[in-house]
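Enquirer: Return atomic coordinates for the entry below.
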Amino acid sequence: MKKVMSLLLMSLIGLAGTLAWAGSTREDSVDRMQKSVDVLQAIMSTPDKGIPEEVLSGAKCIVIVPNLIKGGFIFGAKHGRGVASCRTPEGWSAPAFVSVGGGSWGLQIGVEDVDLVMLVMNDRGLQHLLSSKIELTGEGSVAAGPVGRHTSAGTDILLNTEVLTYSRSKGVFAGLTLEGAVVEQDNDSTRAIYGKHMMFRNILSGHASTPESAEAFVKAVSDAGHQAHIAEAREDNQ
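Expert: Numbering: from 1, shown residues only. This next block holds a predicted model:
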């Protein structure tokens, strides 16, 4: 009898731990989406010093990683978790959760906390992202994005680069070199928000309903894209 009670108690403790972990992961994921909304609103409030309108309006997907940690001594490392959404025929997709990790080599020291924004600019980059894992090699796949109301960069960077990357530190946006980083699906956050495992491709292709906890994030992405389209059209008509 004591053995049965002990096993039952251990099972209850394990279940409580699992529920606490799931609740904590869900809270972290919801908080991450809200922070991503804050980053998007900051982009739109500083058009002269932010992401160019034609870049934002032409992006196929957007990935936001608030509080990316970069740092190291000789060896460098970067790690963060973020949220992604892609354009679909019905509008922007429900959010997919990502993790960003990677290392680098060089003379470096210090730790930096930045907000990271990645814009997927073409079909090749989109297919890589939909595969649930994309490595930013720098060989035509990733480049620091231009900054300002309009881009002075040639169309080649917009047409040929898979991913344009930006950072925000102390309220200032700038192009960010992120070679060597790996972006992949964050399965823990996916389960916490959707209640089950879902394939990255299905979410970003528009085959998943937006959870109530993610509605503010999707609305912010839609609003940012809409504002960029309006601003670009207004400039073209002048």
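
Enquirer: list the contacts for residue 51?
Expert: 43, 117, 119, 145, 147, 166, 173 (C-beta atoms under 8 Å, 6 or more residues apart in numbering). To be clear about C-beta, it is placed using only N, CA and C from the backbone, and glycine gets the same treatment.

Enquirer: Tell me the one of those nearest residue 98?
Expert: Taking C-beta to C-beta as the measure, residue 98 lies nearest residue 117 of the contacts of residue 51, at 12.5 Å.

Enquirer: pretty sure that closest one contacts residue 62?
Expert: Yes - using C-beta atoms under 8 Å, residue 117 is in contact with residue 62, at 7.0 Å.

Enquirer: out of these two, which sits in the more crowded spot?
Expert: residue 117 (28 against 24; other C-beta atoms under 10 Å).

Enquirer: Please identify the helix or strand for the more buried one.
Expert: Residue 117 belongs to strand 96-120 when elements are defined using DSSP states H and E.

Enquirer: Tell me if residue 148 really is in a strand.
Expert: No - membership of residue 148 in a strand is not supported by DSSP: H, G, I helix; E, B strand; the rest coil, which gives coil.

Enquirer: That one: how many residues sit nearby?
Expert: Residues near residue 148, counting by other C-beta under 10 Å: 16.

Enquirer: List the contacts of it.
Expert: Residue 148 touches 48, 49, 50, 52, counting by C-beta under 8 Å, 6+ apart.

Enquirer: Please apply the same query to residue 88.
Expert: 205, 206.
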